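Participant: Let's see this in three dimensions:
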Amino acid sequence: MDVLTRWKIAHGMIVESEQYKVDSELQKLPTLDILLAFEDYSRVREREYEEQTRRAQVEKTRKERKAREAFKVHLSLTSWAVTE
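Facilitator: Below is the predicted model of the structure:
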């Protein structure tokens with residue numbers, strides 16, 4: 001399961017899993033309890049995904065800034081003049 005997995009698909013995966021089929025205690029759990037556990041799990045995964053996306057964006061912005069700065073230095077060493 002990943003951050004985009006929907007409840008209907010997740011529930012089907014759980015019910016069809018070998019672990020669920022052989023565990024009578026797990027089968028006794030109400031669907032609501034399974035849904036609540038899935039929501040908690042999903043929230044954690046979503047936060048992790050958002051944090052990873054945010055870090056990637058920060059890194060991309062940083063690389064772009066460094067490239068601009070290096071380009072300005074390059075231009076200042078040539079006969080071109082950079083004005084801001």
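Participant: Nearest the middle, which residue of this structure would you pick?
Facilitator: With distances taken as C-alpha atoms, centre = their mean, Tyr49 lies nearest the centre of the chain, 1.7 Å away.
Participant: Sticking with it, tell me its helix or strand.
Facilitator: Per DSSP states H and E: Tyr49 is located in helix 31-77.
Participant: List the contacts of Arg45.
Facilitator: Arg45 sits next to 1-3 when contact means C-beta atoms under 8 Å, 6 or more residues apart in numbering. (C-beta placed from N, C-alpha, C; glycine too.)
Participant: 7 Å instead, please
Facilitator: Contacts for Arg45 (C-beta atoms under 7 Å, 6 or more residues apart in numbering) come out as 2-3.
Participant: Phe71 now?
Facilitator: If you count contacts by C-beta under 7 Å, 6+ apart, Phe71 has none.
Participant: separation between it and Arg65?
Facilitator: Per C-beta to C-beta, to the nearest Å, Phe71 is found 11 Å from Arg65.
Participant: And for His11?
Facilitator: Using C-beta to C-beta, His11 is found at 45 Å from Arg65.
Participant: Comparing the two, which shows the higher neighbour count?
Facilitator: In this view His11 and Arg65 are compared by other C-beta atoms under 10 Å, and His11 has more residues nearby, 14 against 10.
Participant: Whichever strand or helix holds the more buried one vs helix 31-77, what angle?
Facilitator: In this assignment (DSSP H and E), His11 forms part of helix 7-16. Using axes from the mean of the first three to the mean of the last three C-alpha atoms, to 10 degrees, one finds that helix 7-16 and helix 31-77 are set 120 degrees apart in direction.
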